[in-house]
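Peer 1: mind folding the following:
(2 chains)
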Amino acid sequence: MPSTDTLFRALADPTRREILELLADRSDGLPITEISAHFKVSRQAVTKHLQVLRRAGLLTVTTEGRERHCTVNLRPLKKIHDWVAVYQRFWDRKLADLGQFLNRKNR
Amino acid sequence: MSKRIERTIHYPHPIDRVWHAISDAAQISEWFIAADFRAEVGFHYTFTHESTIVRGEVLEVDPPRLLVYTWVVGDNPARTTVRWRLQATNAGTELHLEHWGFEQDPASAVAMFEASTKGWEAVTAELATYLDRSHAQH
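Peer 2: Coordinates of the predicted model:
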């Protein structure tokens, strides 16, 4: 399972989020040529984005004949969307903020 | 994974100071979240962060040691509970935070994500926080 950090970095780019949204509607996926046709950037650039998404576990790439085919996998997003995980990070940040607040207040 | 979040942290400050930081609306608003809050049993408070509204009811107050309130985010049906416990030590105050009740959330995370655009909103909100944090660290 890729780390949350890898996942966030993959999602940080707007083009990669657009790719995911494009694929999210198609359970049977799309060939790479068709994905890159949706974007103004070069096919190489799209391929790079697809690699980042694949490493984050958000894409599966399969070869069908001469064409490579991408299918989206949104399960890793569960990690971000898991309430307990979200709140664990939230409270860690907030308790650290409280410490800083108390230190400031003291001076 | 445990469904109860627990954190224990020590602050080198007197218990009264920590108590005011977690129970006084003006101070809560400074470090935690914009707050309409009174540490009185039965008080219905509102915390606001941008478009997110957290509401709840104060359940227990025992200054400067105990504060318990419910925590409900937006129109999400999950009614979670937050408990703050403070204990004076030789060097300051030990804070024990607990947050539980997540199992009442009926929607599985993935189903919720796939069913609505709210999934993206949650992801992008988390992402914004992450980017702010990692930016601040460099």
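
Peer 1: got any ranges where chain A has weak pLDDT?
Peer 2: For chain A, residues meeting the criterion pLDDT under 70 lie at A:1-2, A:4, A:78-81, A:106-107.

Peer 1: tell me which residues touch A:Asp97, please.
Peer 2: Contacts for A:Asp97 were tallied using CB atoms under 8 Å, 6 or more residues apart in numbering or on different chains; they are B:31-32. Any C-beta I mention is one placed from the backbone N, CA and C, and that applies to glycine too.

Peer 1: how near is it to B:Ala21?
Peer 2: Distance of A:Asp97 to B:Ala21, computed by CB to CB, to the nearest Å: 10 Å.

Peer 1: quick one, strands of chain A?
Peer 2: A:30-31, A:59-64, A:67-72 (DSSP state E).

Peer 1: so for stretch B:50-66, what's the average pLDDT?
Peer 2: Across stretch B:50-66, pLDDT averages out at 92.

Peer 1: swap that for stretch B:94-111, sorry
Peer 2: Mean predicted confidence for stretch B:94-111 is 66.

Peer 1: domain parsing for the chain?
Peer 2: Defaulting to chain A. A:4-75, A:82-107 (automatic domain parsing).

Peer 1: looking at chain B here, not the other one
Peer 2: B:5-105, B:107-138.

Peer 1: okay, the ones you listed, which one's buried deepest?
Peer 2: domain B:5-105 (a mean of 16; mean count of other CB atoms under 10 Å in any protein chain shown).

Peer 1: so that one, near chain A or not?
Peer 2: Yes - counting by CB under 8 Å from any CB of the partner chain, chain A has neighbours in domain B:5-105: B:5, B:7, B:9, B:11, B:13, B:17-18, B:21-22, B:27, B:30-32, B:78, B:95, B:97, B:99, B:102, B:105.

Peer 1: beta partners of the spatially most central residue of chain B?
Peer 2: Centroid check for chain B by CA atoms, centre = their mean gives B:Val82 as the closest residue, at 6.6 Å. Counting by DSSP bridges, B:Val82 forms beta bridges with B:Tyr69, B:His99.

Peer 1: so it sits right up against B:Val72, yeah?
Peer 2: No - B:Val82 lies out of contact with B:Val72 (CB atoms under 8 Å); the separation is 10.7 Å.

Peer 1: name the residues contacting each of the two.
Peer 2: Residues within reach of B:Val82 and of B:Val72 at once, by CB under 8 Å, 6+ apart, are B:Gly56.

Peer 1: show me where the chain has its helices.
Peer 2: Picked chain A for this. A:4-11, A:14-24, A:32-37, A:43-55, A:77-81, A:83-106 (DSSP state H).

Peer 1: right idea, wrong chain: chain B
Peer 2: Counting by DSSP H, the helices of chain B are B:15-23, B:25-31, B:109-115, B:118-137.

Peer 1: least reliable of the ones you listed by average pLDDT, please.
Peer 2: Among the helices of chain B, helix B:109-115 carries the lowest mean pLDDT (a mean of 41).

Peer 1: out of the strands of chain A, nearest to B:Pro64?
Peer 2: B:Pro64 lies closest to strand A:67-72 among the strands of chain A, at 51.2 Å (CB to CB).

Peer 1: OK, contacts around the residue in chain B positioned nearest to chain A?
Peer 2: Per CB to the nearest CB, B:Trp31 is where chain B lies closest to chain A, at 3.6 Å. B:Trp31 makes contacts with A:94, A:97-98, A:100-101, B:21, as judged by CB under 8 Å, 6+ apart.

Peer 1: same thing but 6 Å
Peer 2: B:Trp31 makes contacts with A:97-98, A:101, as judged by CB atoms under 6 Å, 6 or more residues apart in numbering or on different chains.
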